[in-house]
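Colleague: Give me a 3D structure for the following:
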Amino acid sequence: MKAIPMEVTDDRKTTIEIEGEEYDLVFNTRAAREISVKYGSLNGFGEAIEKADDVEIVNHNVWLTTLLINQGISIYNRRNPDDQRNPFTEDDIDLLTSPADWQAAREALIKGSERNIKSEAESSKNAEVG
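Modeller: The predicted structure follows:
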């Protein structure tokens, strides 16, 4: 039985435009695992940014943007087997984006970390009996 890929809704991703094409940036379980491996934990990424000099900040953000855009590409490729996109390298992201684009990656981290919990209407279980 083939699994049906889950759609990444707009409230769970951000987008970035590269050379006139829009790409999704997605913070998912795979991205969380890779960040944890590289930085020791998810918090380790934030700590690395806080302690970094300018060159290191660029390196961290290029790596993160590459990771998150490639999650979106992996999801796209899974849904579109006849229209595959090539993943980006850090060199591609370094050449084709600007520091202003890093905000999209940060927003993807926030959106991917949020939980959307819907409350049920008040249950009659605890309702006052007349």
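
Colleague: Please enumerate the strands of this structure.
Modeller: In the chain, the segments counted as strands under DSSP state E are 14-18, 21-25.

Colleague: With Val58 as the reference, name the closest of those strands.
Modeller: For Val58, the closest of these is strand 14-18, at 16.3 Å, according to C-beta to C-beta. Every C-beta, even on glycine, is put in place using the N, C-alpha and C of the backbone.

Colleague: So what's the gap between the closest one and the chain middle?
Modeller: Averaging C-alpha positions (C-alpha atoms, centre = their mean, to the nearest Å) puts strand 14-18 11 Å from its chain's average.

Colleague: May I have it as PDB, with CA atoms only?
Modeller: Backbone C-alpha positions of strand 14-18 (Å, rounded to 0.1, in the frame of the first residue of the first chain) are rendered in PDB as follows:
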ATOM      1  CA  THR A  14       7.200  29.600   4.300                       C
ATOM      2  CA  THR A  15       8.300  30.300   0.800                       C
ATOM      3  CA  ILE A  16      11.400  31.800  -0.800                       C
ATOM      4  CA  GLU A  17      11.800  33.000  -4.400                       C
ATOM      5  CA  ILE A  18      15.000  32.000  -6.200                       C
END
